[in-house]
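In: only geometry, no sequence info:
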């Protein structure tokens, strides 16, 4: 079996999840708990990375997650995730979160998050992942920014 893996385009990893926010997802003011959104973000990012690596993955890092706008009970939350950078065994996923009022159709971008996952083999050891093939200039730029984010993360971990 060859040691080199065939590259995959960014679009092959794209995942879209949507969930209606119910009272059990929110506080007494009607705002959805940030932790609930973080859970959904992690699931979407993991699915994108599993789709890319065709392996199980584990979360190893979450970059800062800033909520720009509240998400309310009754909003339809949509998470769009895709792989934005890959290393040897790790992958970064970008997850965009929007909240839509399904009655009015008004959509609000609430946050973007970057998460890092490591692919695992059957013995739960880190496994190599396919190279990422950007399909446009924006993806190429994001991939370079992902390389810089990963270098920063690794430098911080060594401290």
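Out: Yep, that arrived. This is a predicted model, so every value here is computed, not measured.

In: So which elements touch the lengthiest helix in the chain?
Out: As assigned by DSSP state H, the longest helix anywhere in the chain is helix 137-158. The contact analysis (3 or more CB pairs under 8 Å, 6 or more residues apart in numbering; DSSP states H and E) places helix 137-158 against strand 76-86, strand 90-100, strand 107-120. Where you see a C-beta, it was placed from the backbone N, CA and C, and this is true even at glycine.

In: Ok, which of the ones you listed comes nearest residue 11?
Out: Closest of the helices and strands packed on helix 137-158 to residue 11 is strand 76-86, at 7.4 Å (criterion: CB to CB).

In: Mind putting the helices and strands packed on helix 137-158 into a markdown table with distance to residue 148 and mean neighbour count?
Out: A markdown table is the format used below for the helices and strands packed on helix 137-158 (distance: least, CB to CB, whole Å; neighbours: other CB atoms under 10 Å):
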| stretch | distance to residue 148 | mean neighbour count |
| --- | --- | --- |
| strand 76-86 | 9 | 23 |
| strand 90-100 | 11 | 23 |
| strand 107-120 | 11 | 20 |
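
In: what about the helix or strand harbouring residue 41, distance to the chain center?
Out: Assessed by DSSP states H and E, residue 41 sits inside helix 34-53. Using CA atoms, centre = their mean, to the nearest Å, the distance from the centre of helix 34-53 to the centre of the chain it belongs to is 5 Å.

In: if we can go back for a sec, now the longest helix of the chain and strand 90-100, what's the angle there?
Out: 120 degrees (axes from the mean of the first three to the mean of the last three CA atoms, to 10 degrees).

In: neighbouring contacts of helix 137-158?
Out: 10, 61, 63, 84-85, 87, 90, 92, 94, 114, 116, 132, 134 (CB atoms under 8 Å, 6 or more residues apart in numbering).

In: average pLDDT across that helix?
Out: Across helix 137-158, the average pLDDT comes to 94.

In: you'd agree residue 101 is up against residue 75?
Out: Yes - proximity of residue 101 to residue 75 meets the contact threshold set by CB atoms under 8 Å, at 6.2 Å.
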